[in-house]
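> Output the structure for:
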Amino acid sequence: MHFRSVKDIRCEDGLALKLGEIIGSEFGTRSILIVTDPGILQVGLVDPVQKALENAGHEVTISADVSPDPTEEQIESSRVVGNEAG
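Modelled structure (predicted):
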């Protein structure tokens, strides 16, 4: 698994709903790993992002076992989750 990031940062209303299109055109990938902490997942902030990605045809895996300042072990655990998901 290789980590790739974007060449720019975007901030605009409703951008989460466009992520599926952006990621598809920028990265050409269909498998997405979202890494978050349990609190963010629990309050539903990941839901619109996940739905937008899935609606655009992406396969989404979520790893929500990290703290806001993750340890190396938590990062490694998320990497394993991503590798297992494909």
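> so where does the spatially most central residue of the chain fall, helix or strand?
In the chain, the centroid-proximal residue (C-alpha atoms, centre = their mean) is Ile34; its distance is 2.5 Å. Element membership of Ile34, judged by DSSP states H and E, is strand 31-35.
> Show me what the closest residue to Ser78 other than its chain neighbours bridges to in the sheet.
Among residues not flanking Ser78 along the chain, Ser63 sits closest, at 4.0 Å (C-beta to C-beta, 6 or more residues apart in numbering). All C-beta spots, glycine's among them, are computed from the backbone N, C-alpha and C. Note on Ser63: beta-bridge partners Val35, judged by DSSP bridges.
> How about the contacts made by Ser63?
Contacts for Ser63 were tallied using C-beta atoms under 8 Å, 6 or more residues apart in numbering; they are 33-36, 77-78, 81-82.
> For the longest helix along the chain, which helices and strands make contact with it?
Scanning the chain for the helix with the most residues, using DSSP state H, yields helix 72-85. Under the contact definition 3 or more C-beta pairs under 8 Å, 6 or more residues apart in numbering; DSSP states H and E, helix 72-85 sits against strand 31-35, strand 59-63.
> Noted, bye for now.
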